[in-house]
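Chemist: Provided below are the primary sequence and the corresponding predicted coordinates.
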Amino acid sequence: MPVLPSCLVDPLWDQFAALLPEHVNTHPLGCHNPRIPDRTVFEHVLAALVHGSGYERIATIGCSDRTIRRRLAHWAELGLAKQVHALALAAYDRMIGLDLGELSVDGCITKSPCGGEKSGRSPVDRGKQGLKRSAASEARGVPLGLVSAGA
């Protein structure tokens, strides 16, 4: 049984697929395992989001959790997350309407022991590496944006 009805998944996939570049097989011999279609990985990611569980539980014989992680990392490198978020906000605004009369902004400081390009000295944790995440949402709780910076 599908996680979401096809009347919801198909329009989402159509918009997402339009953002994806054409895949070019770069294997020198061309004899490796066939590539899992992007649509299959997309449906597995939706299942993980709907159920709120890890990729290990969502993985099937046709699509492993490693494939899901690798493809998500590739999509993140292409910068698709920001484009998808902008599309989702625009669609929500058209269908329901964003209530921008009241905005909520919140932030938190977390530890970042492994560092990273955005981590910095934390003023609340004896100068250890930290990360500050700030999020803005509209009156009904729809997230508008997220910013990370060094603590």
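Modeler: Nice, I can see it.

Chemist: can you tell me which helix in the chain is longest?
Modeler: If you go by DSSP state H, the chain has its longest helix at helix 80-95.

Chemist: helix or strand right after the worst-scoring helix or strand of the chain on mean pLDDT?
Modeler: The weakest-scoring helix or strand in the chain, judged by mean pLDDT, DSSP states H and E, is strand 120-121 (a mean of 72). As assigned by DSSP states H and E, the chain's next helix or strand after strand 120-121 is strand 129-138.

Chemist: pull the CA atoms of that following strand into CSV?
Modeler: Extracted C-alpha coordinates of strand 129-138, given in CSV (Å, rounded to 0.1, in the frame of the first residue of the first chain):
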residue,chain,number,x,y,z
GLN,A,129,32.8,24.3,19.1
GLY,A,130,29.1,25.0,18.7
LEU,A,131,26.4,25.8,16.2
LYS,A,132,23.5,28.2,16.4
ARG,A,133,20.3,27.3,14.5
SER,A,134,17.6,29.9,14.0
ALA,A,135,14.2,29.1,12.5
ALA,A,136,11.4,31.4,11.4
SER,A,137,7.8,30.3,11.0
GLU,A,138,4.5,31.9,10.2
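
Chemist: what does it contact?
Modeler: 98-100, 102-116, 118-122, 124, 143-151 (CB atoms under 8 Å, 6 or more residues apart in numbering). Placement of C-beta: from N, CA and C, glycine included.

Chemist: are any of those buried, and which?
Modeler: If you count burial by 16 or more other CB atoms under 10 Å, the buried members of the contacts of strand 129-138 come out as Ser112, Ser119, Gly120, Ser122, Ala151.
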